[in-house]
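1. any chance you can model this:
(2 chains)
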Amino acid sequence: MIYVNWVVALAAIIFTVGTIGVMFRRNPLIMFMASEMMWNAAALAFIAYARQLHDMNGQVMAFVIMATAAAEVGIGLAIIVSVYHKRHRLDIDEISRLKG
Amino acid sequence: MVGIGILGVLAIAAAIGVITARQPVHSALYLVANLLSLALLYLDLKAEFLAAAQVIVYAGAIMVLFLFVVTLLTAGKEEHELPEDLPGQRATAGILSIIVGIVLVALAIKYPGTQLKVALPSGFGGLNSTGKLLWGPDFIYLVGVAIMLLTAALGVLVLNPPKRERLLERRLAAQKEHDATAETRKGAGKEGQGA
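-> Okay, the predicted model is just below:
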């Protein structure tokens, strides 16, 4: 028998792998892909709970997550490209001057 | 039942592949595998519309955009990493994120969920019920998403504007050319009058 909370545990594992990716890698593109995985894990948890509670609002939230991720990818890739045009290196430490 | 287990293992393996691959292209391909297995999982969780949207939007549009940028920025380049600014940052971050993961998984398993085979109300998860919610009670989310996407498009235009100097140069050159032709025309007119 498969229970819904196993799917939520899978979402938690994927979220953690994404966190580790964001923390460990220094290539901004790979960090960005890891954060995409974290978005997807959140959407998976929403859909699993929508299945458990028989409530379509969870799926609507997953739809909103998908649209937000699309907007985020557009902005983030634009930032990465413009930073690369200025510094000619793909390394997240190149942007460390943004800190306050 | 077995299918969900296989999909879960595939998703986790692809996720680990994303963060361990050396080349960003390999990361992107692993991410496509991860997204597709998640789309099949959505299908198993009776979210048919979202499964289709996941394949079209994520595995289609977003990943193609990613691959374009990866090939634009890293084509034929070997990056060597500079020494780290913060020693010990990776170890600390890794330990902390593994602790967070263990806590999340423990919380997920602690509260029992229902079985996946429980019968659902008819029409659950299709395009129809999603659309009824999005154009009914949750219309505000749809408006918010629309405004957000528009803002994102504008933001991309602001972040990567067309080259200002080149535009100005081109405009100056056009102006000079225009002036020159006007001069010659005027000169020709004067000569004609003089003659």
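
2. name the SS class of B:Gly136, please.
-> B:Gly136 carries the three-state label coil when classified by DSSP: H, G, I helix; E, B strand; the rest coil.

3. what count of nearby residues applies to it?
-> Using other CB atoms under 10 Å in any protein chain shown, B:Gly136 has 8 other residues around it. (C-beta placed from N, C-alpha, C; glycine too.)

4. so who does A:Arg51 touch?
-> A:Arg51 makes contacts with A:4, A:7, A:58, B:45-47, B:116, B:120, as judged by CB atoms under 8 Å, 6 or more residues apart in numbering or on different chains.

5. B:Asn34 too?
-> A:14, A:37, A:40, B:11, B:14-15, B:17-18.

6. now it: closest residue in space that isn't a chain neighbour?
-> Nearest non-adjacent residue to B:Asn34, counting by CB to CB, 6 or more residues apart in numbering or on different chains: B:Ala14, 3.8 Å away.

7. how about the helices of the chain, start to end?
-> Unless you meant another one, I'm taking chain A. Along chain A, counting by DSSP state H, helices occupy A:4-24, A:28-53, A:57-87.

8. my bad, the chain I had in mind was chain B
-> B:2-20, B:24-44, B:48-53, B:63-74, B:89-110, B:127-134, B:139-159, B:164-194.

9. about what we covered before: nearest to B:Leu73, of the contacts of A:Arg51?
-> B:Ala47 (34.3 Å; CB to CB).

10. I'd like the helices of chain A as a markdown table, with mean pLDDT and distance to B:Leu104 appended.
-> As requested, these are exported to a markdown table (pLDDT from 0 to 100; distance: least, CB to CB, whole Å):
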| stretch | mean pLDDT | distance to B:Leu104 |
| --- | --- | --- |
| helix A:4-24 | 91 | 4 |
| helix A:28-53 | 92 | 10 |
| helix A:57-87 | 89 | 17 |
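
11. and B:Gly5, which of the ones you listed is closest to it?
-> helix A:4-24 (8.9 Å).

12. OK, contacts around the residue positioned nearest the centre of chain B?
-> The residue lying closest to the centre of chain B (CA atoms, centre = their mean) is B:Ile62, at 4.4 Å. Residues in contact with B:Ile62 (CB under 8 Å, 6+ apart) are A:36, A:69-70, A:73.

13. returning to that earlier point: of the contacts of A:Arg51, closest to B:Leu133?
-> Nearest member of these to B:Leu133, counting by CB to CB, is A:Gly58, at 10.4 Å.

14. am I right that B:Ala61 is in contact with A:Ala69?
-> No. Using CB atoms under 8 Å, B:Ala61 is not in contact with A:Ala69, being 10.8 Å away.

15. more crowded one of these two?
-> A:Ala69 (21 against 12).

16. where's the more buried one relative to chain B, distance?
-> 7 Å (CB to the nearest CB, to the nearest Å).

17. these two touch, right, that residue and A:Glu36?
-> Yes. In this structure, A:Ala69 is within contact of A:Glu36 by CB under 8 Å, at 6.3 Å.

18. between these two, what contacts are shared?
-> Joint contacts of A:Ala69 and A:Glu36 (CB under 8 Å, 6+ apart) are B:58, B:62.

19. pretty sure B:Thr71 sits against B:Val25.
-> Yes. With contacts counted by CB under 8 Å, B:Thr71 reaches B:Val25, the gap being 7.4 Å.
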